[in-house]
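J.: Provided below are the primary sequence and the corresponding predicted coordinates.
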Amino acid sequence: MSKQITLAVNVSHDKRESLWYVLSSDVIGLHAEAETLDELVTVISDVAPDLIAANMPGTPADTAIRIQHMVNTKPARAA
């Protein structure tokens, strides 16, 4: 029984452009953008399997994609 592979896709939001985009990705060739995070997740889900098959031979078809958005926290202000 083989262990499932998980590939990470980091997404970010450009507030000035009101646009979500792929910041970095373990999926070779994945570059995408959309107006909302939900739309970007849909685009990634649609194109990632084809990119994996074309650019990453030998990668199992059931490979999981982990889409993550990192958020920087600000220090709490004393009351």
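T.: That came through fine. Fair warning: this is a prediction, and the values are worked out from it, not measured in the lab.
J.: Pull up the gap between Ser12 and Val47, please.
T.: Distance, Ser12 to Val47, by CB to CB, to the nearest Å: 18 Å. Just so you know, the C-beta spots here come from the backbone N, C-alpha and C atoms, and that holds for glycine as well.
J.: What are the neighbouring residues in contact with the most centrally placed residue in the chain?
T.: By CA atoms, centre = their mean, the chain has its centre lying nearest to Val9, at 2.8 Å. By CB atoms under 8 Å, 6 or more residues apart in numbering, the residues touching Val9 are Val22, Ser24, Ser25, Asp26, Val27, Leu30, Ile44, Ala48, Ile65, Arg66, Ile67, Gln68.
J.: Tell me the bridge partners for it.
T.: Counting by DSSP bridges, Val9 is bridged to Ser25, Ile67.
J.: Distance check, it against Leu51.
T.: Taking CB to CB, one finds Val9 at 11 Å from Leu51.
J.: between these two, what contacts are shared?
T.: Common contacts of Val9 and Leu51 (CB under 8 Å, 6+ apart): Val27, Leu30.
J.: so Asp38 sits in a helix?
T.: Yes - counting by DSSP: H, G, I helix; E, B strand; the rest coil, Asp38 is part of a helix.
J.: Filter the contacts of Val9 down to the buried ones, PyMOL style.
T.: Only the buried entries of those go into this PyMOL selection, using 16 or more other CB atoms under 10 Å:
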select buried, resi 22+25+26+27+30+44+48+65+67
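J.: where in the chain is pLDDT low?
T.: The model of the chain has pLDDT under 70 over residues 1-2, 79.
J.: For it, which segments count as helices?
T.: Per DSSP state H, the chain carries helices over the ranges 37-55.
J.: ok, Pro75 to His13 distance?
T.: Pro75 is 22 Å from His13, by CB to CB.
J.: The two: which is more packed in?
T.: His13 (15 against 5; other CB atoms under 10 Å).
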